[in-house]
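In: Got a predicted model here, sequence first, then my questions.
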Amino acid sequence: MAQQTILEGSTFCICDELGDVRETTHGLFADDTRFLSRLALKIDGKRPLLLSSGSVEYFSAAYFLRNPLTDGLPLDSLLVKRERFVGDGMQDHIELTNETTERLRLRLDLEVAADFADIISVKEWDFSLGDPKHANPLPDPVGAVYDEKRNQLLLSDPQGYGRTQVIFSERGAPNAAGMRYEITLEPRETWSMRIDVGLDGDGRPEREPHVVERHFGEERERVADSVAAWQLRVPQVRASWNELRQTFGQSVNDLAALRMRTADDAGHGKLPAAGMPWFMTVFGRDTVITCLQTMLFGPELARSALRELAALQAKDVDPSRDAEPGKIVHEVRRGKCAERWFDRYYGTADATPLFLVLLSETWRWTDDSELVHELREPALAALRWIDEFGDRDGDGFVEYARATERGLDNQSWKDSGDSQRFHDGRFAQVPIAPCEVQGYVYDAKRRMAEIAREVWRDNALSKKLEDDADRLRARFDEAYWVDERGGYYALALDADKQRVDSLCSNIGHLLWSGIVPPARVPAIVDALMGDDLWSGWGVRTMSQSSAAYSPLSYHNGTVWPHDNSLIAWGLARHARWPEAHRIVHSMLDAAGTFGYQLPEVFAGISRADSPFPIAYPTAARPQAWAAGTPVLLTQLLLGIQPDRRRGVIESVAPLELPAWTGDVRLSGLRAFGKVWDVRLENGDVTVCEA
């Protein structure tokens, strides 16, 4: 049965298409803890039958059901409607309508349970990112205590973490499974009930039922107002190309859904969570890349992310977290999850240089020197980490190797355990120096040299960083270049400084970072767009000729939208417009087959072998950097880039754009304290101040 997600910030519900929470990975989650592991509706002991269901907004859903055939209920005699809202907790409305001319008698059971499992333990039961065959057992559901005065079921975590209030607007008969109602409906009569689920944990107080009801009313208004304000603030797109118009609009909604308050509510504003369902939290790499993709939306997300990541930056060496001074956090967890696993984990080689890239890109779009001064010390600490801790053996390259047994084996964006493979299928051994990370470091040092010179007025630091970048570029080309198969850069260097010679999509990130010498660019472009990597829907993560390739392998042959957006950015940087446009068209074409919502990842099966892209069954949707992909692709299609020195937005798009682009108007783009409109008409792009 299809799975559905409803969310608001870091509170979310995973259920089936009937609205039931009943499978191993279903639940109502908040603060990285499952507060409800079961909420299932039965009529006369059987599950209702689906008519139709779906999301209304990202934070609400509706389910239209019919009764099952039972001894007392003829088929289609009862219409069942469920409406659900998720905010700071959850609210359900249930309506039963007798659609016949006869009196109906029925039994309604609501099964309720909570196991208070931490989210990482639940994730282990997910077939995509976990290992159900070897996962530890989840906690047993706790027994519910009925509070007759408040007409609620109270479920309490035996470890004392928190409690779940399930408050019923109508009185029924409590039992071991939940609540039972004996209902008589006259012809055409409707019976209704409201269920309020309040969460008591991580500073959330237990509330009286009337307070919960009022709270949910306020929550609906707050969420609706927040969405309306977001939609007014981001640019609006009108386009004759339907896929562009629809997919951009879906990205606006998805990123609205994924916005969350910072972990300690430190007043840094909202920033994007990484993705549903297991990553509704701060992820350094994902957060930074999403902000880089969405500069068209204005600087607010980026500023919030930079301040939050600076606040979370490691100060000390802590092997239990893979932390070192200056390192940017990989993942933040809260509540019970933080107690059982970690509150902050730093096992990432790329978040630190990418943090510097985002600081620079935000400055380039805003000319906000105050922000750059404010974050000077975190930026300098990040630069020190690159040289003193990132380069573990002094060879000039940033490597990773975990210090804690609980840490990630692989700490680049392809962080699954089997992603670092030689062309012949052998596994690379740590320490590993990923190719794209060296590109990020190169770009970070170039950008920070500019900031040191123009904002901090530190010419000595600027000169040092430029010299560092020049040396890195030369060393990189010598150490990573592979002459075979037309020439390309290796995926990584292993512990013995051998080239991990699989041909992978990571080489496209090198175009984006600028580390590729001009003479090498044609070979890299040919490798990216050749049949080995190009699926017809996008660039695969690994070439078909590699022994470890599989079109269904998470990082060894699938197609990732965010990966392709950065590759397209790199192609545009080198004015390889036909290839960049090929990615833009294919990605948005693929989005149309996914209901205009790009998933985290889809299969790398060739377009020649399938008339539509094949869904990866457990891909996160919505997922932040997948949602950011159409925004960046729109920017690249229109050739939009900031000119900080002149304080303007300009287009560097080629004089002739493909006919399929049609006409596009992007209105309400905010940069340099001004509002801009961008028009694409008859293949020509114009930019003007609104």
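Out: Structure received.
In: Show the subsequent helix or strand relative to the helix-or-strand element of the chain with minimal mean pLDDT.
Out: Ranked by mean pLDDT, DSSP states H and E, the helix or strand of the chain with the weakest confidence is helix 209-233, at a mean of 66. Counting by DSSP states H and E, the next helix or strand C-terminal to helix 209-233 is strand 236-239.
In: how about that next one: buried residues?
Out: When burial is assessed from 16 or more other Cβ atoms under 10 Å, strand 236-239 yields the following buried residues: Val237, Ala239. The way it works is simple: take the backbone N, C-alpha and C, and place the C-beta from them, glycine included.
In: Give me the residues contacting that strand.
Out: With contact meaning Cβ atoms under 8 Å, 6 or more residues apart in numbering, strand 236-239 is reached by Leu244, Arg245, Phe248, Gly249, Thr634, Gly662, Asp663, Val664, Arg665, Leu666, Ser667, Gly668.
In: Could you work out the most separated pair of those?
Out: The most widely separated members of those are Gly662 and Gly668, with 19.9 Å between them, by Cβ to Cβ.
In: what's the neighbour count on Gln159?
Out: Each residue near Gln159 was counted by other Cβ atoms under 10 Å, and the total is 11.
In: what residues are up against it?
Out: Phe116, Lys336.
In: Need the three-state assignment for it.
Out: With DSSP: H, G, I helix; E, B strand; the rest coil as the basis, Gln159 sits in coil.
In: now it: how far from Glu454?
Out: 53 Å (Cβ to Cβ, to the nearest Å).
In: Dump stretch 153-173 to PDB, keeping only the CA atoms.
Out: In PDB, the C-alpha atoms belonging to stretch 153-173 read as follows (Å, rounded to 0.1, in the frame of the first residue of the first chain):
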ATOM      1  CA  LEU A 153      -5.300   8.100  26.400                       C
ATOM      2  CA  LEU A 154      -1.900   8.900  27.900                       C
ATOM      3  CA  LEU A 155       1.100   7.000  26.600                       C
ATOM      4  CA  SER A 156       4.400   7.500  28.500                       C
ATOM      5  CA  ASP A 157       7.900   6.500  27.500                       C
ATOM      6  CA  PRO A 158       9.200   4.100  30.200                       C
ATOM      7  CA  GLN A 159      12.600   5.800  30.000                       C
ATOM      8  CA  GLY A 160      11.000   9.000  31.000                       C
ATOM      9  CA  TYR A 161      11.600  10.900  27.700                       C
ATOM     10  CA  GLY A 162       8.100  12.100  27.000                       C
ATOM     11  CA  ARG A 163       4.400  11.400  26.700                       C
ATOM     12  CA  THR A 164       1.700  11.400  24.000                       C
ATOM     13  CA  GLN A 165      -1.800  12.700  24.700                       C
ATOM     14  CA  VAL A 166      -4.500  11.300  22.500                       C
ATOM     15  CA  ILE A 167      -7.600  13.400  23.200                       C
ATOM     16  CA  PHE A 168     -11.000  12.400  21.900                       C
ATOM     17  CA  SER A 169     -13.900  14.800  21.400                       C
ATOM     18  CA  GLU A 170     -16.400  12.000  21.800                       C
ATOM     19  CA  ARG A 171     -16.600   9.500  24.700                       C
ATOM     20  CA  GLY A 172     -16.200   5.900  23.900                       C
ATOM     21  CA  ALA A 173     -15.200   2.700  25.600                       C
END
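In: okay, and for the chain, where does confidence drop off?
Out: For the chain, the stretches flagged by pLDDT under 70 are 1, 127-129, 201-225, 261-269.
In: Mind doing that once more with 80?
Out: 1-2, 8-10, 127-131, 201-229, 231-232, 260-269, 276-279, 335, 340, 617-621 (pLDDT under 80).
In: residue with max distance from the center of it?
Out: Residue farthest from the centre of the chain, counting by Cα atoms, centre = their mean, is Glu102 at 50.6 Å.
In: quick one: contacts of stretch 630-638?
Out: Contacts of stretch 630-638 (Cβ under 8 Å, 6+ apart): 237, 244, 247-248, 250-251, 292-297, 565, 568-569, 572, 580-581, 583-584, 587-588, 591, 598, 641, 651, 653, 657, 661, 664, 666, 678, 680, 685.
In: Strand partners (parallel or antiparallel) of the longest strand anywhere in the chain?
Out: Looking across the chain with DSSP state E, the single longest strand is strand 190-201. Counting by DSSP bridges, the strands paired with strand 190-201 are strand 89-98 (antiparallel), strand 162-168 (antiparallel).
In: Can you say which of those is packed in most?
Out: strand 162-168 (a mean of 23; mean count of other Cβ atoms under 10 Å).
In: which residues are contacting that strand?
Out: Contacts for strand 162-168 (Cβ under 8 Å, 6+ apart): 28, 33, 35-36, 39, 112, 114, 116, 144, 150-157, 179, 193-202, 204, 206-207, 209, 212, 335-336.
In: Only whichever of the residues you listed are buried, select them in ChimeraX.
Out: The ChimeraX selection below is limited to those of the contacts of strand 162-168 classed as buried (16+ other Cβ under 10 Å):
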select :28,33,35,36,39,112,114,116,144,150,151,152,153,154,155,156,157,179,193,195,196,197,198,199,200,201,204,206,207,209,212,335,336
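In: host element of Asn495?
Out: No, residue 495 isn't Asn; it's Ala. Per DSSP H and E, there is no helix or strand for Ala495.
In: how many neighbours does it have?
Out: 14.
In: so it touches Ala433, yeah?
Out: No - using Cβ atoms under 8 Å, Ala495 is not in contact with Ala433; the gap is 9.5 Å.
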